[in-house]
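[1] mind folding the following:
(2 chains)
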Number of protein chains: 2
Amino acid sequence: MQEIHTHQLPNGLTLVAEPMPAVRSLAMTLLTPAGVARQPEAQQGVAPMLTELIGRGAGGRSSRDFNEALDTLGVHRSAHAGNRHLRLSATLVGDNLDAALPLLLDQALAPNLDAKELEPSRDLCLQEIAALDDDPQRRAMIKLREQHFPAPLGRPSDGIAEHLQALSLDDVRAFWQGAVVPGGSILAFAGQIDWPKLRDTVASLTADWSGQADEVQPTNEPRRGYTHLDAETEQVHIGLGYDAPADPDEQSMLQRAAVSVLSGGMSSRLFTEVREKRGLCYSVYASYAGMRDRGAVLGYAGTTTPRAQETLDVFVGELRRLAQGVESDELQRALVGMKARLIMQGESTGARAGAIAADLYVHGRPRTLDELAGKVDAVTLEDVNRFVAENPVKDLTAVTIGPERLNFPE
Amino acid sequence: MQEIHTHQLPNGLTLVAEPMPAVRSLAMTLLTPAGVARQPEAQQGVAPMLTELIGRGAGGRSSRDFNEALDTLGVHRSAHAGNRHLRLSATLVGDNLDAALPLLLDQALAPNLDAKELEPSRDLCLQEIAALDDDPQRRAMIKLREQHFPAPLGRPSDGIAEHLQALSLDDVRAFWQGAVVPGGSILAFAGQIDWPKLRDTVASLTADWSGQADEVQPTNEPRRGYTHLDAETEQVHIGLGYDAPADPDEQSMLQRAAVSVLSGGMSSRLFTEVREKRGLCYSVYASYAGMRDRGAVLGYAGTTTPRAQETLDVFVGELRRLAQGVESDELQRALVGMKARLIMQGESTGARAGAIAADLYVHGRPRTLDELAGKVDAVTLEDVNRFVAENPVKDLTAVTIGPERLNFPE
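    This is a model prediction of the structure:
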């Protein structure tokens, strides 16, 4: 296992890099504080608009020149407005980093935000929202987050159509100036890396970047409860969520293990009870979403209308049954699966860059795969059973999309 | 670059393995000739039913025991009924192969096909079909294949609901006996491998497996033309397809390069003309589907109803404009992107196991990443421009799903 390097620059940008000597590729993840949670209340959509616009020319190069230059270097890239961060990701052959890095950073530091790119960007953002009606599974999970988390932490990443329609280029520029700043940003690399050189190059390229963004705080209580959205869908789409420890909490690994017993493999409880035994639905899962200041378990099931009520009942029943404890052998399987996934993650530069960037934000430092494997090894049956007994699933947030409302089990 | 080993066993099974010394993981892909193309005409659904059933117990172990045993070894696995092959895939930590391989092979060689698993399996298969109505993008591309390829090569992998409802366990067993046979099957491994030992272990585990399946031949002429499916979708979903060289054809690499000019990166033609300049749709792509005996270029665009006609016109216009030739710099970008994707593939055991298995079927031998990179390097502007001029896009197959039929450009 190689050392993971970190370095904070005077402007507040934190740099983190994990050398992976066996690979030729290199992955970069830049987290900037320009997530949808930071959008002004009446400008929900300015983050996805900025995300679209920063791919359309930067550092004085036109959209066409800019994208041709990156494609000439074989850089695969993406941008996404998440809740806390606007994330820029790139994967490339390591040899091309010197040429690609100034371009990639220009997206954040010097986007053109060109007036003629505004309307096509707005059109695409509006179409993303319209497309949700043809994707009820994704819509259910977006609505679940909106109901479960307090504003603005549950905001949809696509924005609100009415707000998008009213946005001006000045709005986008103001948001960029205030939110795409080094103080609060994390720049992560994994793969073929020469650390001292990379550190100096990043320092030089970002020397003139300045600004600081504080953490966004929740502004109200979450709505929670059961929400049904009427739709003439063929399936019924069910989203369920409940509170869990924040990721930095010592108990988060116990929560991960418990969720893995529920939904970690083909012998896990949800898969066998809902899918295998009863044939109730072709897709069912639960996962732990661990954040810096809070955590949740979020689950989904998609099924036909006649089976929807039974699916919901069995799904909720399995979540609640967790409090009665888990068996030694199912816990062992869950832990083996978690460790196998860590080993797979260690062979992907993209997965590692994303993971150490998230670690910096959530834990304030990167965690090696050895450290994580050690935490999995340290989980005991006694600790998990104490945790699930002390944290029974009570207050469920539920969303259904389909032709009719279901009876939510008390 | 390591050597890729191949070995044919007396029963006809072909084994192929690529050692990747830098990794700890190992991926397996088994292709058996039990694809949907081989289903009896009136039993369209027996392949996905078999796919569901072979995960539910094998070698005398119950569904529960079987899946617990694989989860105890941390084996991530999936099964899919494709057109030509029923594919079993698995990824695991290499150290666990000895214990996992007998179980993984039992799925194909000795599935229980237990009567009590029949109805839950049928229910899930029927739900997969019903779920298509909530996934119009996937539905459009399934319909496109059905219209573009001759029967039975364009069959939907989900089957037909009426056929599924009538299937008996004997039907599934008969299909398994005739189609899950070593003659025509390919077993591929990539990752942490001890080749002589692996070869001997596989030979020993499959010694009693026998049978041969011949290649399925097309039985009619494809339908082609323009098909519109009326649906109250929010978006209009457009699928387009046209004939291309078969993958073993010397010209297939020229076709790949041309499609990469169309759809390989953010500066590619479809992305810039349809998405960036006009903001017509948030998703548009074309890809080359190279098969052993034929090839096709298949494309998709999803857009709103008011923009659907213009999207179709621009999309078709770009496909046809290809015949006028490509520029040197856009070809260079396309080739750089193709080589970068090869390097990324070389760092994923799952991708390599899948690729060498497909190579064995399509080309009769595995191709190293160096060989493929050499083929990309050998592509010249002159060759691509001759190829696109000699192969203009004429007879397009088109499918639209949405509230109204479009005018298909002549």
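[2] could you list the low-pLDDT ranges of the stretch 201-350 of chain A?
    Within the stretch 201-350 of chain A, no stretch has pLDDT under 70.
[3] which residues of the stretch 51-200 of chain A fall in helices?
    A:63-72, A:97-109, A:118-131, A:136-148, A:161-166, A:169-179, A:195-205 (DSSP state H, counting those that start in this stretch).
[4] can you redo these as TSV with mean neighbour count and distance to residue B:56?
    In short, each C-beta sits where N, CA and C put it, glycine included. Compiled in TSV, these are given as follows (neighbours: other C-beta atoms under 10 Å in any protein chain shown; distance: least, C-beta to C-beta, whole Å):
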stretch	mean neighbour count	distance to residue B:56
helix A:63-72	21	46
helix A:97-109	20	47
helix A:118-131	20	36
helix A:136-148	21	25
helix A:161-166	15	45
helix A:169-179	17	51
helix A:195-205	15	50
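[5] which bits of the stretch 1-150 of chain A sit near chain B?
    Taking C-beta under 8 Å from any C-beta of the partner chain as the contact definition, the stretch 1-150 of chain A meets chain B at A:22-25, A:55-56, A:63-64, A:67-68, A:70-77, A:91-93, A:119-124, A:127-128, A:130-137.
[6] so residue A:144 makes contact with residue A:298?
    Yes. Shown here, residue A:144 and residue A:298 form a contact pair, counting by C-beta atoms under 8 Å, at 6.4 Å.
[7] list residues touching both of those two?
    Contact criterion C-beta atoms under 8 Å, 6 or more residues apart in numbering or on different chains; residues shared by residue A:144 and residue A:298: A:239, A:240, A:241.
[8] those residues in strands, which ones?
    Counting by DSSP state E, these place A:239, A:240, A:241 in strands.
[9] can you tell me the helix or strand for the spatially closest residue to the second one that is not a sequence neighbour?
    If the residues on either side of it in the chain are set aside, residue A:240 comes closest to residue A:299, at 4.5 Å by C-beta to C-beta, 6 or more residues apart in numbering or on different chains. In this structure, residue A:299 is located in strand A:295-304 according to DSSP states H and E.
[10] partners of that strand in the sheet?
    strand A:235-244 (antiparallel), strand A:283-290 (antiparallel) (DSSP bridges).
[11] now the longest one - C-alpha only, PDB.
    Meaning strand A:235-244. Coordinates of each C-alpha in strand A:235-244 appear next as PDB, following Å, rounded to 0.1, in the frame of the first residue of the first chain:
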ATOM      1  CA  GLN A 235     -44.900  -0.200 -12.200                       C
ATOM      2  CA  VAL A 236     -45.200   1.200  -8.700                       C
ATOM      3  CA  HIS A 237     -41.900   2.700  -7.500                       C
ATOM      4  CA  ILE A 238     -41.300   2.700  -3.800                       C
ATOM      5  CA  GLY A 239     -38.600   4.800  -2.000                       C
ATOM      6  CA  LEU A 240     -37.900   4.400   1.800                       C
ATOM      7  CA  GLY A 241     -35.500   6.200   4.000                       C
ATOM      8  CA  TYR A 242     -34.600   6.500   7.700                       C
ATOM      9  CA  ASP A 243     -31.900   8.200   9.800                       C
ATOM     10  CA  ALA A 244     -28.600   6.600  10.400                       C
END
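[12] one step back: need the shared contacts of residue A:144 and residue A:298 in a markdown table (columns: neighbour count).
    Listed next are the shared contacts of residue A:144 and residue A:298 as a markdown table, based on neighbours: other C-beta atoms under 10 Å in any protein chain shown:
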| residue | neighbour count |
| --- | --- |
| A:239 | 25 |
| A:240 | 25 |
| A:241 | 26 |
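[13] list phi and psi for residue A:47.
    Residue A:47 has phi and psi values of phi -70, psi -50 when expressed as degrees, to the nearest 10.
[14] so it sits right up against residue A:84, yeah?
    No. If you go by C-beta under 8 Å, residue A:47 and residue A:84 don't touch, sitting 10.6 Å apart.
[15] could you check which of these two has the larger neighbour count?
    With neighbours defined as other C-beta atoms under 10 Å in any protein chain shown, residue A:47 and residue A:84 compare such that residue A:47 has more, 30 against 22.
[16] next, name the residue at the spatial heart of chain A.
    When chain A is reduced to its mean C-alpha position, the nearest residue by C-alpha atoms, centre = their mean turns out to be residue A:82, at 6.5 Å.
[17] nearest spatial neighbour of it, skipping sequence neighbours?
    Leaving aside its sequence neighbours, residue A:82 sits nearest to residue A:35 (C-beta to C-beta, 6+ apart; 5.2 Å).
[18] who's in contact with the one you found?
    For residue A:35, the contact set (C-beta under 8 Å, 6+ apart) comprises A:47, A:81, A:82, A:83, A:84, A:85, A:86, A:216.
[19] show the backbone phi and psi for it.
    Taking degrees, to the nearest 10 as the convention, residue A:35 sits at phi -80, psi 170.
[20] what does the one 10 residues further on give?
    As for residue A:45, its main-chain torsions (degrees, to the nearest 10) stand at phi 140, psi -10.
[21] for it, which non-adjacent residue is spatially closest?
    residue A:159 (2.8 Å).
[22] how many neighbours does residue A:325 have?
    For residue A:325, using other C-beta under 10 Å, the count is 14.
[23] didn't it look like it was pressed against residue A:389?
    Yes. Assessed by C-beta under 8 Å, residue A:325 is found in contact with residue A:389 at 6.7 Å.
[24] quick one on the thing from earlier: give me every residue that touches the residue nearest to residue A:45.
    Residues near residue A:159 by C-beta under 8 Å, 6+ apart: A:36, A:39, A:44, A:45, A:46, A:47, A:48, A:49, A:125, A:129.
[25] will you turn these into CSV that also has pLDDT and distance to residue A:393?
    Listed next are the contacts of residue A:159 as CSV, based on pLDDT from 0 to 100; distance: C-beta to C-beta, whole Å:
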residue, pLDDT, distance to residue A:393
A:36, 98, 28
A:39, 98, 32
A:44, 98, 31
A:45, 98, 34
A:46, 98, 36
A:47, 98, 32
A:48, 98, 33
A:49, 98, 38
A:125, 96, 36
A:129, 94, 32
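[26] tell me the pLDDT of residue A:2.
    Reading off the confidence values, residue A:2 has pLDDT 67.
[27] for the stretch 201-350 of chain A, what spans make up the helices?
    Assigned by DSSP H, counting those that start in this stretch, the stretch 201-350 of chain A shows helices spanning A:252-263, A:269-270, A:305-321, A:328-345, A:349-363.
[28] the nearest residue to residue A:198 once chain neighbours are set aside pairs with what?
    Spatial nearest neighbour of residue A:198, excluding adjacent residues (C-beta to C-beta, 6+ apart): residue A:17 at 6.0 Å. Following DSSP bridges, residue A:17 is listed with bridge partners residue A:5, residue A:189.
[29] and residue A:17, how close does it get to chain B?
    In this view, residue A:17 and chain B are 18 Å apart by C-beta to the nearest C-beta, to the nearest Å.
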